[in-house]
Each structure stands twice: as structure tokens, then as C-alpha cells.
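> Using only what follows, build the 3D model:
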Amino acid sequence: MSYAHRAVKLNNIDLNKLHAFGAVVEHGGVGRAAGRLGRTPSAISQSVTALERALGVKLFDRVGKRLVLTRGGQLLATHLHQYQGALQRTVDELVNADGAVRGQVRSGVYLGFPRIRLAALLTDFARRHPLAQLRVVYAPQEDLTRRLLRNQLDFVLALRPSAEVSPRVTSTKLFEEQLVLVAPRRFFPHGFSRDALAQVPVVDYYQSDPLIERWIAHHLAAGAVQPRVRIWAATTDLVLDLVLQGAGAAVLPRTVAAPYVRSRRLIELRPRRAALSDAIWLNELRGAYRDRALSAFRAAVMQAFA
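Sure thing, here's the model as predicted:
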């Protein structure tokens, strides 16, 4: 038998013949494969021969009564096994016959979100649903919104509702985070004052949107104090660590700063106005399909934060 090499499209191959080939490989021979598939050995043998003709590749060497995979047959068998495994996993996720929560959850989180709160959510979800997989991406909100719109993320925890950016997104307000100015006591030995704040080094997040300026505008007046920002640290956790190390003062979520204020490692500086606050939002594609894993994760987020 001669085999002419030519371009072959998968659509032109009878998938039943691929199934027969896989059964011969899996069960170690034509006879056993025929028994498992409920077909005659002759029909299985004809299917394999027809597949070889369609591919233009010899898949088995006949050694006595045994069939031994050729190099091409080994390659096809390997990839067919991977394909069948992936397809079976997909079917299992869709059918989910045992009722377990399976599948991947892709979450985007803005860089300043307190990691302790996020870690508690992820740990609890993983404990409750050990067959689910979690993938977390930290990035600026604009990048997270783009990924959400490209269906590269399922959920985004953000400081702003992305529904204002695109009608394809629905935004749910989870909670408001009070933002407080904290520092080691040595920077403010006589309590808070504008003059003292003007002299204290400040740790902030982004040069494009200084949080200390928002805090000053809220409590005092825009431009009332020109803060001395010494370090731009991007994440809440790094800002906290720097303040604890004595790098200066910073605006932090009250829930993050509270343990250190109670232990007197930091002091909270309290002008008379009510605390500045930021809303935290859950952004997701409007009307997106939600399998069991995604539905369970959304419920966990609402329970933990809403």
C-alpha cells in the first residue's frame, strides 16, 4: 500500500474511524477493541485501514498477529488521548453529574485591594470547592476592564463601576471602604495639624491620582497643604509595610490600619469631618453564561463583601 502525502482537513476525516483507532490502541488489539465497541473485528480493521488511507500515513506495523504503532501512529495516539481527555473534562463540567463545583474562575483585582481580605475569600472558596480552580490577575483598572470586555476575565473587583465605560458590563456595589490617614506617632507628637502634615514624608499609590490629595481636599480644602510624597508604592500591602517601617504617613483603608492603631504601632489622624470613603465594585459582563463554579464564586464574593 502506498501513502501519498497531501493536505488533509479534520472535517474530511470520519471521526468514527479515529474512535476505532483509539480503541485499538487503548485495548491492545482489534479483537478487544471490537468487543468494547460492539462491532466485528473486520469492521474495526477496515476502519483503521481507511483512516491510514485518508491520512496518507501508516499507523501500525503488523508484527505477526500484533499491531505495533509506527512513529506516526504514536503521535496520533498521543494527541488523540489528549483531545479525548480535554473533551471529557469539558463534558464533565457541563453535565456536572455529581453536583460538584468544577471549572476555572478568572478574577481581576485592582492593585490597591487589600490582599488579606482577598486571601480570606480565596482560601474559604478553595476549601469549600476543592475541584474548582482560581486564577487571580492584579492590574490597573483600565487594563482589567479591557480584559473583561475581551472575555479574558469573569469578574473584576474595582474602584469604579465599569458599567459607566461600556453597556456590556454590569456593576454591583459591594461595600464602601473608609480611608484614614495613619502614621507612626513620632511624626505627629502633638497630634494632627496642617503644618505637621506639610513636613511629614508621605507614602502614596499612583502619581496619576494621588490619594493624599483627595484626603486633603476632603478634610481641609484642595491645595490647603502641599504633601511631600516620597514613595509611590502602588499596593495597599506595600504602603502599610512602609508606614510600619517608619517611611512616613499614608492613607489606608481603616480595616487594614485598625489592628496597628489598636496596638499603638500607628496613630489615626482624625480631622473633624467624616472619613473619606471609596466604593468597591464587582464588574462582570452583562448576561454572561455562569456555570456552577462561576455562580458559586459570585455568591461567595457577595457573602464576603456585600
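
> For the closest residue to R273 other than its chain neighbours, give me its contacts.
Spatial nearest neighbour of R273, excluding adjacent residues (C-beta to C-beta, 6 or more residues apart in numbering): H219 at 5.2 Å. For every residue, glycine as well, the C-beta is placed using N, CA and C. If you count contacts by C-beta atoms under 8 Å, 6 or more residues apart in numbering, H219 has them with 271, 273, 276.

> I'd like the distance between H219 and P114.
22 Å (C-beta to C-beta, to the nearest Å).

> what do you get for S107?
From S107 to P114 the distance is 15 Å (C-beta to C-beta).

> This protein: helices as residue ranges?
For the chain, the helices defined by DSSP state H cover 15-27, 30-37, 41-55, 71-95, 115-128, 141-149, 194-199, 211-219, 236-244, 254-262, 292-305.

> Which residues does the first one contact?
Right, helix 15-27. In contact with helix 15-27 (C-beta under 8 Å, 6+ apart) are residues 30, 33, 36-37, 39, 44, 47-48, 50-51, 54, 59-60, 67, 69, 73, 76-77, 80-81, 84.

> now it against helix 30-37, angle please.
Relative orientation of helix 15-27 versus helix 30-37 (axes from the mean of the first three to the mean of the last three C-alpha atoms, to 10 degrees): 120 degrees.

> Using PDB, list the CA coordinates for helix 15-27.
Only the C-alpha atoms of helix 15-27 are listed here, as PDB (Å, rounded to 0.1, in the frame of the first residue of the first chain):
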ATOM      1  CA  LEU A  15     -14.300  10.700  13.500                       C
ATOM      2  CA  ASN A  16     -15.700   7.200  13.900                       C
ATOM      3  CA  LYS A  17     -12.500   5.900  12.400                       C
ATOM      4  CA  LEU A  18     -10.500   7.900  14.800                       C
ATOM      5  CA  HIS A  19     -12.500   6.500  17.600                       C
ATOM      6  CA  ALA A  20     -11.900   3.000  16.300                       C
ATOM      7  CA  PHE A  21      -8.100   3.700  16.100                       C
ATOM      8  CA  GLY A  22      -8.100   5.000  19.700                       C
ATOM      9  CA  ALA A  23      -9.900   1.900  20.900                       C
ATOM     10  CA  VAL A  24      -7.400  -0.400  19.200                       C
ATOM     11  CA  VAL A  25      -4.500   1.500  20.900                       C
ATOM     12  CA  GLU A  26      -6.300   1.600  24.300                       C
ATOM     13  CA  HIS A  27      -7.300  -2.100  24.400                       C
END
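
> got the buried residues for that helix?
By neighbour count on 16 or more other C-beta atoms under 10 Å, the buried set for helix 15-27 is 17-25.

> closest to R185 among those?
G22 (71.6 Å; C-beta to C-beta).

> Distance check, the closest one against Q104.
For G22 relative to Q104 (C-beta to C-beta), the value is 27 Å.

> repeat for I280
Distance from I280 to Q104, by C-beta to C-beta: 23 Å.

> Looking at the two now, which is surrounded by more residues?
Ranked by neighbour count (other C-beta atoms under 10 Å), I280 and Q104 place I280 first, with 21 against 13.

> Surely that one touches A158?
Yes. Counting by C-beta atoms under 8 Å, A158 is a contact partner of I280 at 7.5 Å.

> Could you verify my assumption that I267 touches L181?
No. Between I267 and L181 there is no contact under C-beta under 8 Å: 9.4 Å.

> When these two are compared, which one has more neighbours?
The residue with more neighbours, out of I267 and L181, is L181; 26 against 21, by other C-beta under 10 Å.

> Specify the beta-bridge partners of the more buried one.
Residues in a beta bridge with L181, per DSSP bridges, are V251, L269.

> Would you agree it is in contact with A250?
Yes. The pair L181 / A250 is scored as a contact, 7.4 Å apart, by C-beta under 8 Å.

> Mutual contacts of these two, please.
Shared contacts of L181 and A250 (C-beta under 8 Å, 6+ apart): I212.

> rank the helices of the chain by mean pLDDT and give me the bottom one.
In terms of mean pLDDT, the lowest-scoring of those is helix 71-95 (a mean of 77).
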